[in-house]
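**Student:** Show me the folded form of this:
(one chain, ligands or ions: 3)
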Amino acid sequence: MCGIVGTLAASPVNQLLYDALLLLQHRGQDAAGIVTMQGHKCFMHKARGMVRDVFRTRNMRALPGNIGLGQVRYPTAGNAYSEEEAQPFYVNAPFGIVLVHNGNLTNAHALKDELFDIDRRHINTESDTEVLINVLAHELELAARDLPLTPKEIFNAVRAVQKRIKGSYAVIALIAGQGLLAFRDPFGIRPLCFGRAANGDFMVASESVALEGTGHQMERDLAPGEALFIDLTGKLHTEQCNDAPSLNPCMFEFVYLARPDSVMDGISVYQARLNMGETLAQRVISTMPPNEIDVVIPIPESSRPSAMQLAHRIGKPYREGFVKNRYVGRTFIMPGQGARKKSVRQKLNAIGVEFKGRNVLLVDDSIVRGTTSKEIVQMARDAGARKVYLASAAPPVRFPNVYGIDMPTQEELIAHGRSIEEIRAYIGADALIYQDVDAMKRVVAALRPGLAGFEASCFDGHYVTGDVSLADFAAIREQRTSQGDEEDAAARSRLALQSGTEG
Ligand SMILES: O=P(O)(O)OC[C@H]1O[C@H](OP(=O)(O)OP(=O)(O)O)[C@H](O)[C@@H]1O
Ligand SMILES: NC(=O)CC[C@H](N)C(=O)O
Ligand SMILES: [Mg+2]
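**Tutor:** Numbers count the residues shown, from 1 in each chain. Ligands and ions are numbered 1, 2, ... in the order given. Okay, the predicted model is just below:
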């Protein structure tokens, strides 16, 4: 779930892209990159690290032009420590294309062979995004052969791309000397929306917060399967490029990934989290008498809206029992289990007075590997809590995700192959209460009539694209796990340098 942004404005866009990437930083902490374009020439700067560390004044000065795009990366393919896999990616033919991608291709491994054997294209990294840009380049070349490049050829190329690539993708690309292209996968798994500023400047981004925070008014979400092309004069063209699109946004965006102040596919992320808190409260009430709970405490940051609503519903005080170090990033999206584990203690610290002698109900948005919960329950006990109960606003995460959340293996998931009682014992809580899958889907879907469903595979094991083969699962798993040890070591050594964006 990287963050991506593209813009066309009446003045230089380097600062605008930087500002938008800062607003999307919570979607990726490993690398950042910007490309701008002036005439036919593209200017790129990308590197590993957070936005503030990657772009120095000298880098910003070297990004001229009124059109450009950017990305913050959270790797779901390839290697977090490879500078070459930082985005954007560039190919020089046809025209010159630069591309950023949020999502994960499930057939990247097969396409890589196909690109080499048939299309005669060489892929030099393990990134699925490099595969994607080469498929787009190939199809654009075919669609525009002997023809001037118009939106018609571009949309035909997107059609052809959608037939070849599988998985999830929200994509923004610059075509040198032509304009900016964006498209979304036919299942609408990964988000993408666009809007304009009062002076007509155009922006397309992963989350509405990037538009709002840079002075753009959100117009709408891109529909699943839809593409847009904005030429250099600012004329916007849109076209549906798929015969059977259906909207199945990723449930994990609403649970954890997105900022609460974003609205995605018509659903307020904040409201979705409140609703999840409401249904979780019902589970709590049916599991244990609320008078056994003295206080409700959120595990910062993402669980706050759900915890607040839950406390309100069960009629117990909501208190801040943990202080978050604002200079430590999000732990879940760090590469490597060693780094994640160490970061929890660096990131959160208990306020003793809220725990001493009390029965506390801790609320988190999700329990994935159990890294956070196990540490936090112990911290609550160390701080003097009498009983420590834990509630999760998301249901148990039991299945791997192949659509852009980095949990490719079942074995790493704390809920895989364990009963609730076994998970409770592992975490060390006195009680463990999970959200119900159907209740969660129902209360989030209620905010957006007409949804086909949700991509909620990590909770329900149903993979909406319907085409992920066992070989695909194995390839994704193999590719990611081979990176694990290297990432762990590298992440530990640079952890001290990690800085956060949200306070
Ligand atoms: O079970 P786990 O594997 O630990 O993963 C789940 C935890 O990770 C996330 O927090 P994170 O620190 O990434 O971000 P946040 O500050 O937005 O809550 C999430 O909010 C849970 O707290
Ligand atoms: N989280 C994402 O969207 C990742 C994009 C792409 N698969 C990468 O690994 O770089
Ligand atoms: Mg958290």
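**Student:** Let me know whether the helix or strand hosting residue 388 sits next to ligand 1.
**Tutor:** Here residue 388 sits within strand 387-392, counting by DSSP states H and E. No. Using Cβ under 6 Å from any ligand atom, strand 387-392 stays clear of ligand 1, with a minimum separation of 8.8 Å. All C-beta spots, glycine's among them, are computed from the backbone N, C-alpha and C.
**Student:** Summarise which helices and strands that strand is packed against.
**Tutor:** Strand 387-392 is packed against helix 269-287, strand 359-364, helix 371-382, strand 431-434, with contacts defined by 3 or more Cβ pairs under 8 Å, 6 or more residues apart in numbering; DSSP states H and E.
**Student:** Residues of the protein that sit close to ligand 2?
**Tutor:** 1-2, 73-78, 101-104, 127-129, 404.
**Student:** Among the residues you listed, which ones are in strands?
**Tutor:** Among the residues of the chain next to ligand 2, the members falling in strands (DSSP state E) are 73, 101-104.
**Student:** Now the buried members of those residues.
**Tutor:** Among these, those classed as buried by 16 or more other Cβ atoms under 10 Å are 73, 101-104.
**Student:** could the residues you listed be laid out in JSON lines, adding distance to residue 321 and pLDDT?
**Tutor:** Shown next, in JSON lines, are these (distance: Cβ to Cβ, whole Å; pLDDT from 0 to 100):
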{"residue": "73", "distance to residue 321": "33", "pLDDT": "95"}
{"residue": "101", "distance to residue 321": "39", "pLDDT": "97"}
{"residue": "102", "distance to residue 321": "34", "pLDDT": "97"}
{"residue": "103", "distance to residue 321": "36", "pLDDT": "96"}
{"residue": "104", "distance to residue 321": "36", "pLDDT": "95"}
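**Student:** and which of those residues is nearest residue 119?
**Tutor:** Of all these, residue 101 has the smallest distance to residue 119: 18.6 Å, by Cβ to Cβ.
**Student:** Skipping its backbone neighbours, what lies nearest the closest one in space?
**Tutor:** residue 129 (4.3 Å; Cβ to Cβ, 6 or more residues apart in numbering).
**Student:** what's the nearest residue to the closest residue to ligand 2 within the stretch 251-400 of the chain if we skip its chain neighbours?
**Tutor:** Per Cβ to the nearest ligand atom, residue 333 is where the stretch 251-400 of the chain lies closest to ligand 2, at 8.4 Å. Once flanking residues are discounted, residue 333 sits nearest to residue 74: 4.8 Å by Cβ to Cβ, 6+ apart.
**Student:** so how far is residue 11 from that neighbour?
**Tutor:** 30 Å (Cβ to Cβ, to the nearest Å).
**Student:** who's more crowded, those two?
**Tutor:** residue 74 (24 against 9; other Cβ atoms under 10 Å).
**Student:** Double-check the more buried one against residue 2; I have them as touching.
**Tutor:** Yes. Here residue 74 reaches residue 2: they are 5.4 Å apart, a contact under Cβ atoms under 8 Å.
**Student:** Please enumerate the shared neighbours of the two.
**Tutor:** Counting by Cβ atoms under 8 Å, 6 or more residues apart in numbering, the residues touching both residue 74 and residue 2 are 27-28.
**Student:** for the residues of the chain next to ligand 2, which one is nearest residue 268?
**Tutor:** Closest to residue 268, out of all of the residues of the chain next to ligand 2 and judged by Cβ to Cβ, is residue 1, at 18.2 Å.
**Student:** rewinding a little: ok, the next helix or strand after the strand holding residue 388 near ligand 1 or not?
**Tutor:** Downstream of strand 387-392, the first helix or strand assigned by DSSP H and E is helix 420-427. No. Helix 420-427 stays clear of ligand 1 (Cβ under 6 Å from any ligand atom), getting no nearer than 9.2 Å.
**Student:** List the contacts of residue 322.
**Tutor:** Residue 322 neighbours (Cβ under 8 Å, 6+ apart): 297-300, 348-351, 376, 379.
**Student:** Pull out the buried members of the residues you listed.
**Tutor:** Buried among these by 16+ other Cβ under 10 Å: 297-300, 348, 350, 376, 379.
**Student:** Including secondary structure, could these go into CSV?
**Tutor:** As requested, the buried ones among the contacts of residue 322 are arranged in CSV below (DSSP: H, G, I helix; E, B strand; the rest coil):
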residue, secondary structure
297, strand
298, strand
299, coil
300, coil
348, strand
350, strand
376, helix
379, helix
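**Student:** Check the residues you listed and tell me the two furthest apart.
**Tutor:** 298 and 379, at 13.8 Å, using Cβ to Cβ across the buried ones among the contacts of residue 322.
**Student:** Give me every residue in this structure lying close to ligand 1.
**Tutor:** 256, 299-302, 330-333, 364-373.
**Student:** Just give me how far stretch 381-399 sits from the chain centre.
**Tutor:** Distance of stretch 381-399 from the chain centroid (Cα atoms, centre = their mean, to the nearest Å) equals 24 Å.
**Student:** Which positions in it come out as buried?
**Tutor:** 381, 383, 385, 387-399.
**Student:** Break the protein down into its structural domains.
**Tutor:** 3-246, 271-449 (automatic domain parsing).
**Student:** quick one: low-confidence ranges for the stretch 51-200 of the chain?
**Tutor:** Counting by pLDDT under 70, the ranges of the stretch 51-200 of the chain that qualify are 80.
**Student:** ok, for residue 297, nearest residue in space, not its chain neighbours?
**Tutor:** According to Cβ to Cβ, 6+ apart, the nearest residue to residue 297 is residue 321 (3.7 Å).
**Student:** what about that neighbour, how many neighbours?
**Tutor:** Residue 321 has 27 nearby residues by other Cβ under 10 Å.
**Student:** Show me the strands in the stretch 151-300 of the chain, by range?
**Tutor:** 167-175, 179-184, 193-197, 202-205, 216-221, 226-231, 236-240, 263-264, 267-268, 295-298 (DSSP state E, counting those that start in this stretch).
**Student:** what does the fourth one rub up against?
**Tutor:** For strand 202-205, the surrounding residues in contact (Cβ under 8 Å, 6+ apart) are 3-9, 16, 20, 24, 172, 180, 182, 192-197, 210-211, 214, 216, 222, 228, 230, 234, 236.
**Student:** hang on, the earlier thing: output the contacts of residue 322 as a markdown table; include the columns pLDDT.
**Tutor:** What follows is the contacts of residue 322, written out as a markdown table (pLDDT from 0 to 100):
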| residue | pLDDT |
| --- | --- |
| 297 | 98 |
| 298 | 98 |
| 299 | 97 |
| 300 | 94 |
| 348 | 92 |
| 349 | 93 |
| 350 | 95 |
| 351 | 96 |
| 376 | 95 |
| 379 | 96 |
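**Student:** Nearest to residue 461 among those residues?
**Tutor:** Looking across the contacts of residue 322 and measuring by Cβ to Cβ, the closest to residue 461 is residue 299, at 25.9 Å.
**Student:** Look up how far residue 332 lies from the closest one.
**Tutor:** 12 Å.
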